[in-house]
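Participant: Everything below, folded, please.
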Amino acid sequence: MIVVTRLNGTRFAVNPDLIERIHESPDTHLVTLDGAAYVVLESLAEVIELIADYRAYILSKARDFPAVTGYPLSLVPPPDPNDAPGTTAPEKPRK
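Facilitator: Have a look, this model is predicted:
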């Protein structure tokens, strides 16, 4: 969740994964997937930075989880030691 400020100074948290769009006109509006709109004091750039920080925090926390399959959590799977450099794996047949 990211914490933002309403125009009256109260703060609230919103799930950034549910934000569909953000625009300034001149106030910053957060529009969620369900159509709810929130006007906040933070600028467009500040909201984007809050979302980036939130996602970085989630990734850093995910890396702290113990490895289940023997590999640390990663966005990119480790290379297969059976693959030769410069080759590609054969495509799987489509069903």
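Participant: Buried by neighbour count: which residues of the lowest-mean-pLDDT helix or strand in the chain qualify?
Facilitator: Within the chain, judged by mean pLDDT, DSSP states H and E, the helix or strand with the poorest mean is helix 44-63; its value is a mean of 93. Neighbour counts over helix 44-63 (16 or more other C-beta atoms under 10 Å) mark Val47, Leu50, Ile51, Tyr54 as buried. Any C-beta I mention is one placed from the backbone N, CA and C, and that applies to glycine too.
Participant: ok, so of these, who is nearest Asp64?
Facilitator: Tyr54 (16.1 Å; C-beta to C-beta).
Participant: I'd guessed that closest one sits against Val4; true?
Facilitator: No. In this structure Tyr54 lies outside contact range of Val4 using C-beta atoms under 8 Å: 11.4 Å.
Participant: residue ranges with poor pLDDT in this protein?
Facilitator: Residues of the chain meeting the criterion pLDDT under 70: 66-78, 83-95.
Participant: Find the centremost residue of it, please.
Facilitator: Using C-alpha atoms, centre = their mean, the residue of the chain that lies closest to the mean C-alpha position is Arg55, 4.2 Å off.
Participant: returning to what we had before: JSON lines for the buried residues of helix 44-63, including distance to Thr10?
Facilitator: JSON lines is the format used below for the buried residues of helix 44-63 (distance: C-beta to C-beta, whole Å):
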{"residue": "Val47", "distance to Thr10": "16"}
{"residue": "Leu50", "distance to Thr10": "17"}
{"residue": "Ile51", "distance to Thr10": "20"}
{"residue": "Tyr54", "distance to Thr10": "20"}
